[in-house]
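Novice: Based on what follows, work out the 3D shape:
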Amino acid sequence: MLAYLHIPFCDSKCHYCAFNSYENKGTLKQNYMHHITTQLRFELEKFNAQKESITSLFIGGGTPSTIPASWYESFFKMITPYLSHDAEVTSEANPHSATQEWIAEMKTLGINRLSFGVQSFNEQKLTFLGRNHSPKIALQAIHNASKVGIQNISLDLIYGTALDTPSLLEKDLHIASSLPINHLSAYALTLEEATPFYKRNDVTNDSEELARSFVQAIIQAGFPQYEISNFGRYQSIHNKGYWEHQDYLGIGAGAVGFLKNRRFYPSKEIEAYIQNPLFQEVETLRREDLHNETLFLGLRSNIGIVLDEFSPKEQERVNLLIRENKLTCKDNRVFNNDYFLSDEIALFITQ
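Specialist: Numbering: from 1, shown residues only. Presented below is the predicted three-dimensional model:
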């Protein structure tokens, strides 16, 4: 079982961001942090959570580092007995707000992994993306995390922007690989509705050659790929738990939960969530829905898909793809040989 806590507050909104996050809502922060414990208590009972049954807690956003560490104390006091002794406890962090003091206090609460939203070490590219930190601040934040004793550190990079060249991406990767990190996420820039970048035709570089060469360079730099966007000598327990369809508690505004064949959707807006943190819309997934998700997720990552998951008709298509070297079969599981084609392969199999 996993747990996810959503912190929907941001100091500023990046130009590409379509996540459930809000600027200029700082006056609601403390009230919000009070209500997440109300929902957490409800979710632990609903999921019949047992002591030490949660193998991973992930705090995402938004920007978790905009919340003072002391405001997380009540949440951690309630959830810690349910965390396994070796649980992965991750928080996302913005280099601009993740001070050394904040990192140290979060470590005391139980954080043992940090994921920094760096996106680039190029000043011009950071400005282009609407980030509020400099390369220098990003470097300092990561070194601070290491000094404090956080051993599992990840950072995000974005590629596929109009500014990207082989040289720029090479420099970003060179700097990243010199840092005390053991995990890296690399995301292609996508144009999402209701973002400043949406409908602009001058912000992306859709070169497949550039994307493939960047991914290969990340692997060669010592970060094995284990999912379409994730690389590392350490593989995130939380990420793999999602792909394996493990149950997960979703705490906070817009934080989706999943139990067996049901998904739970709390209010997205902060004010509505504070008014009723227990309100949820419930979606019951059909067997076909779960099956298709299993295929799409398995083909995007190194968990693969067990052969018994496929129908006879799908198995015929799988066999064809194996003969064409698009898929590999090993130990009764099927694995994708090219993550860039994962969605196309999944659609071909399920059509």
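Novice: For the helix or strand where Ala346 lies, the averaged confidence score.
Specialist: Using DSSP states H and E, Ala346 falls within helix 342-350. For helix 342-350, mean pLDDT is 95.
Novice: and that helix, which residues are buried?
Specialist: Neighbour-count burial for helix 342-350 flags 342, 345-346, 349-350 (criterion: 16 or more other Cβ atoms under 10 Å). C-beta coordinates here come from the backbone N, C-alpha and C atoms, glycine included.
Novice: now stretch 215-227
Specialist: Within stretch 215-227, judged by 16+ other Cβ under 10 Å, the buried ones are 215, 217-218, 223, 225-227.
Novice: In helices, which of these appear?
Specialist: Counted as lying in helices by DSSP state H, out of the buried residues of stretch 215-227, are 215, 217-218.
Novice: Would you format those as CSV with distance to Ile54 included?
Specialist: Converted to CSV, these look like this (distance: Cβ to Cβ, whole Å):
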residue, distance to Ile54
Val215, 32
Ala217, 36
Ile218, 30
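Novice: quick one: which of these is nearest to Asn132?
Specialist: The shortest approach to Asn132 among these belongs to Ile218, at 25.4 Å (Cβ to Cβ).
Novice: Identify the residues contacting the helix holding Ala346?
Specialist: Residues outside helix 342-350 that contact it (Cβ atoms under 8 Å, 6 or more residues apart in numbering) are 228, 292, 295-296, 299-300, 310, 314, 317-318, 321, 326-327, 336, 338.
Novice: and what of stretch 327-334?
Specialist: 298, 304-308, 310, 318, 321-322, 335-337, 345.
Novice: Over to stretch 304-315?
Specialist: 291, 294-295, 298-299, 318, 329-330, 332-336, 349-350.
Novice: In the chain, what helix or strand scores lowest on average pLDDT?
Specialist: Using mean pLDDT, DSSP states H and E, helix 123-129 stands out as the lowest-scoring helix or strand of the chain, at a mean of 92.
Novice: From the contact counts, what lies against that helix?
Specialist: strand 113-119 (3 or more Cβ pairs under 8 Å, 6 or more residues apart in numbering; DSSP states H and E).
Novice: List the neighbouring strands of the strand it packs on plus their orientation.
Specialist: In the sheet, strand 113-119 lines up against strand 83-93 (parallel), strand 152-159 (parallel) (DSSP bridges).
Novice: ok, back up a step: what is the nearest of the contacts of stretch 304-315 to Tyr248?
Specialist: Closest to Tyr248, out of all of the contacts of stretch 304-315 and judged by Cβ to Cβ, is Thr294, at 15.5 Å.
Novice: Distance of that closest one relative to Ile305?
Specialist: 7 Å (Cβ to Cβ, to the nearest Å).
Novice: Ok, Asp86 next?
Specialist: As judged by Cβ to Cβ, Asp86 and Ile305 stand 27 Å apart.
Novice: same question, Ala255
Specialist: In terms of Cβ to Cβ, Ala255 sits 27 Å off from Ile305.
Novice: all strands of the stretch 151-300 of the chain, in order?
Specialist: Per DSSP state E, counting those that start in this stretch, the stretch 151-300 of the chain carries strands over the ranges 152-159, 183-188, 225-227, 230-232, 248-251, 257-259, 262-266, 280-284.
Novice: hmm, back to that, which of Thr294 and Ile305 has more residues huddled nearby?
Specialist: Taking other Cβ atoms under 10 Å, Thr294 and Ile305 do not tie; Ile305 has more neighbours (23 against 18).
Novice: Next, work out how far apart that one and Gly232 are.
Specialist: The value you get for Ile305 to Gly232, if Cβ to Cβ is used, is 22 Å.
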